[in-house]
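Visitor: coords please:
(one chain, ligands or ions: 1)
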Amino acid sequence: MDHFEYRDGVLYGEDVPLTRIADEFGTPCYVYSRATLARHYRAYAEALGSHPHLICYAVKANSNLAVLGLLAKMGAGFDIVSVGELERVLAAGGEPARVVFSGVAKQEAEMARALEAGIKCFNVESRPELERLNAVAGRLGLRAPVSLRVNPDVDAGTHPYISTGLKDNKFGIPVDEALAAYELAAALPHLEVVGLDCHIGSQLTELAPFLDALDRLLVLLERLRERGIEIEHLDLGGGLGVPYRDERPPAPFDYATALLERLSAWPGSERLTLLFEPGRSIAANAGVLLTRVEFLKPGETKNFAIVDAAMNDLIRPALYQAWQAILAVDTRHPRDAAIYDVVGPVCETGDFLGKDRELAIAADDLLAVRSAGAYGFVMASNYNSRPRPAEVMVDGDRAHLVRRRERLEALWAGESLLPDDAEEAR
Ligand code: LLP
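Guide: Okay, here's the model as predicted:
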């Protein structure tokens, strides 16, 4: 459920017509709904109820400060993968003690900053990373809280680029090597073992792979117990899918309830804090990308709707052949319907937002690409020297600019010409 719907033929975000946002802030523009973000977060929090838990929103999905600030106020934790994400969380008022740090290649300086900030846990992905973290913590006179990201080797049944829990993926420690890695972690003086985690992929639409992964982690937990290694929290990562088209993924509530039920059979589970790292299921359907039709270009075999947003603004269709709904924002005017490829201004054939879409539109009309709140703006680039779009958050009948459109000068900020004598010096 989200808060983008038609009222009298015009698409609204909460109580704001998207036409008003385009007038006020221009296009292309990302529009997020505060109420939808809050609702999706609450669905997790309510499902977990009184079971000790922490929902660590995956910052990579949408790292706008307004999004992070809203979730921080609701009590969320955060899953970060870089020091940049850590600084964003801190700038947005997030609590370091609720932050988990994932990623396969944490640098020493990133580890040091996270240790000084006092994060909850490092999700460690390899033995050499354990040794690096131990050394950094030792130099700072601290102990680093660690969880090992285990690769449970389950098939998440999702797009190969976003599947992460198979043996062939670069992520995590193979489940049959995990015991030895935990023994190493327990023996290293500047580490403190606190958790166990996995993340098997993204846009999962079935519960079975999550439950399989949980079962494998519980077997491991048992073995760890036998060796006297006690774990405080179990982190099952993110990955719950969203309906982009006709997928019917379980709702966060059903997902969390199923996991809790499976977990409850496990002795001592009531003392095990459960962590999730959802990104997409919180943010995707809380956002749209608003774009304007520049030209309609009818052709012999194809009609093109050329819009002002491009693959640099939203790369998911080009990169993963992802399908996202594209809607006409204002349907009050009579238009002939036709089948269009919706394409952007970038000089690449792969620059499309959608193919073969039936739309009743004319030049200058506004379109909304749905489900663009996650992995949208965060994956935007300046390709073709295009400034990144504005971001707006609607809240009831108010619309707040939460990131202004990138200015042209920002495109070359930090660059410099060669010195005047460069050619002579050669
Ligand atoms: N935790 C870890 C360790 C992750 O690697 C990810 C996502 C998440 C949590 C959040 O997963 P989510 O709940 O959002 O599925 N750019 C791709 C998605 C890449 C996901 C990467 N990892 C896309 O646009 O589909």
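Visitor: excluding its backbone neighbours, what's nearest I231?
Guide: Computed as CB to CB, 6 or more residues apart in numbering, the closest residue to I231 that is not its neighbour in sequence is L196, at 5.1 Å. Heads up, the C-betas are built off the backbone N, CA and C, glycines and all.
Visitor: can you check A35 too?
Guide: Of all residues not flanking A35 in the chain, H3 sits nearest, at 4.9 Å (CB to CB, 6+ apart).
Visitor: any residues of the stretch 1-150 of the chain in contact with the ligand? List them.
Guide: 58, 61, 79, 102 (CB under 6 Å from any ligand atom).
Visitor: these two touch, right, the second one and N285?
Guide: No. Contact status for A61 versus N285: not in contact, 11.7 Å apart, counting by CB atoms under 8 Å.
Visitor: please enumerate the shared neighbours of the two.
Guide: Here A61 and N285 have G373 as joint contacts, going by CB atoms under 8 Å, 6 or more residues apart in numbering.
Visitor: against A58, how distant is G376?
Guide: For G376, the distance to A58 equals 14 Å [CB to CB, to the nearest Å].
Visitor: my error: substitute N303 in the last question.
Guide: Separation of N303 from A58 (CB to CB): 38 Å.
Visitor: longest helix in the chain, please.
Guide: Using DSSP state H to define each element, the chain has its longest helix at helix 208-226.
Visitor: what does that helix contact?
Guide: Outside helix 208-226, the residues that touch it by CB under 8 Å, 6+ apart are 150, 152-157, 165, 175, 178-179, 182, 196, 198, 200-201, 204, 230-231, 234, 236, 239, 255, 258-259, 262-263, 266.
Visitor: give me every residue that touches A368.
Guide: A368 is in contact with 4, 11, 18, 31, 288-291, 326-327, 329, counting by CB under 8 Å, 6+ apart.
Visitor: so can I have TSV of the residues you listed showing neighbour count, pLDDT and secondary structure?
Guide: Shown next, in TSV, are those (neighbours: other CB atoms under 10 Å; pLDDT from 0 to 100; DSSP: H, G, I helix; E, B strand; the rest coil):
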residue	neighbour count	pLDDT	secondary structure
F4	22	98	strand
L11	23	98	strand
L18	26	98	helix
V31	28	99	strand
V288	30	98	strand
L289	27	99	strand
L290	29	98	strand
T291	28	99	strand
I326	23	98	strand
L327	17	98	strand
V329	23	98	coil
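Visitor: closest one of these to the ligand?
Guide: L289 (13.1 Å; CB to the nearest ligand atom).
Visitor: hmm, N312 and that closest one touching each other?
Guide: No. In this structure, L289 is not within contact of N312 by CB under 8 Å, at 11.8 Å.
Visitor: pull the number of nearby residues for G84.
Guide: G84 has 12 neighbouring residues, counting by other CB atoms under 10 Å.
Visitor: could you pull out the helices for the stretch 301-426 of the chain?
Guide: All helices of the stretch 301-426 of the chain, identified by DSSP state H, counting those that start in this stretch, fall at 316-320, 422-425.
Visitor: least confident of those, on average?
Guide: With a mean of 66, helix 422-425 has the lowest mean pLDDT of the helices of the stretch 301-426 of the chain.
Visitor: who's more crowded, N303 and A58?
Guide: Counted by other CB under 10 Å, N303 and A58 do not tie: A58 has more neighbours, with 28 against 16.
Visitor: quick one: contacts for that one?
Guide: Contact partners of A58, counting by CB under 8 Å, 6+ apart, are 78-79, 238, 277-280.
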